[in-house]
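Participant: Predicted model and sequence below, questions to follow.
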Amino acid sequence: MVEQISLYRAPTTVADCERIAAWLDERVDADVTVRERFLDQHADEALPSAFATARVQSPYERETGSEMLGIVRYEERALSQPERAGGVLYDGRALQDALRTRLPTGSLDHARVILLDRVLGTWGEHDGRWHKRVSVLGQPALVSVPGLYEAPAKPESYYKAQQRHALLSGDTPPRELLENEVDGAFLVEDDPRTTEALQGYVLSAVHYLATGEAFCDDERCRLSNPHRHPGVITAQLRHPEFCPEHDAMYGNSE
């Protein structure tokens, strides 16, 4: 049973940890505490190397990491100045292992959910490639804020608009142009819906630690794991919030 939840901020993102914590507090029988950025509190001299070895080098190569001094120096700067980080995909399981060794305690009745400003991925044995993820469940649980925008596939209307512009101009149109044309159909960087959408992913992390259930099969439930943006919007931003089973556990009459 989870008795305590620590939610760690990602200060370079628009994610509002206080709002997420307040939403959680109404739905779980546990003490919810918002804490400062985990990487500020628990970084050490070895952490930049851990990030460097977790870097995905190619979408189709299982082996990760680089021992190059320049890469390690980049990770040092990214840890101390997170607003400068970006454009890198990391092995989510490797980072989870590295951060687990830095937890103050290993007790499973204390769920630790770390919001990150890094893009995380897991290797797909079935197709031999890396897949971006919004969350990596376990202890600690990692929730990638940029992963919310990048991991789910865009709606079909996005790709149709992309093809249409390419046929007319011969070039791939700027991402911002496509986002404006398909406005609201998917989540974009710094989207005002970010905090609300992340609530379900954070609860999924707590639910997994408490029950061992990874994700709900009902695509309308906030504990589901949609692979496309329309599914994310349906699950996280539409009513009802939960399937009947999980509504009995986490539903709020308000």
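Facilitator: Okay, I see it.
Participant: So in terms of bridging, what pairs with the residue most central in space within the chain?
Facilitator: Taking C-alpha atoms, centre = their mean as the criterion, residue 144 is the residue nearest the geometric centre of the chain, at 2.5 Å. In this structure, residue 144 has the following beta-bridge partners (DSSP bridges): residue 116.
Participant: For the stretch 1-150 of the chain, give me the ranges with low pLDDT.
Facilitator: Of all residues in the stretch 1-150 of the chain, those with pLDDT under 70 make up the ranges 106.
Participant: At which residues are the helices of the protein located?
Facilitator: In the chain, helices defined by DSSP state H lie at 17-25, 38-41, 47-53, 69-80, 92-100, 145-150, 156-169, 175-181, 194-211, 229-237, 244-250, listed in chain order.
Participant: right, so of the ones you listed, which gets closest to residue 128?
Facilitator: For the helices of the chain, proximity to residue 128 was assessed by C-beta to C-beta; helix 92-100 is nearest, at 16.5 Å. For glycine as for every other residue, the C-beta is placed from the backbone atoms N, C-alpha and C.
Participant: Export that closest one to PDB, keeping only CA atoms.
Facilitator: This file holds the C-alpha atoms of helix 92-100, laid out as PDB (Å, rounded to 0.1, in the frame of the first residue of the first chain):
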ATOM      1  CA  GLY A  92      14.300   5.400 -19.700                       C
ATOM      2  CA  ARG A  93      15.100   2.200 -17.900                       C
ATOM      3  CA  ALA A  94      18.800   3.100 -17.600                       C
ATOM      4  CA  LEU A  95      18.000   6.500 -16.200                       C
ATOM      5  CA  GLN A  96      15.500   4.900 -13.800                       C
ATOM      6  CA  ASP A  97      18.200   2.500 -12.600                       C
ATOM      7  CA  ALA A  98      20.700   5.400 -12.100                       C
ATOM      8  CA  LEU A  99      18.200   7.500 -10.200                       C
ATOM      9  CA  ARG A 100      17.000   4.600  -8.000                       C
END
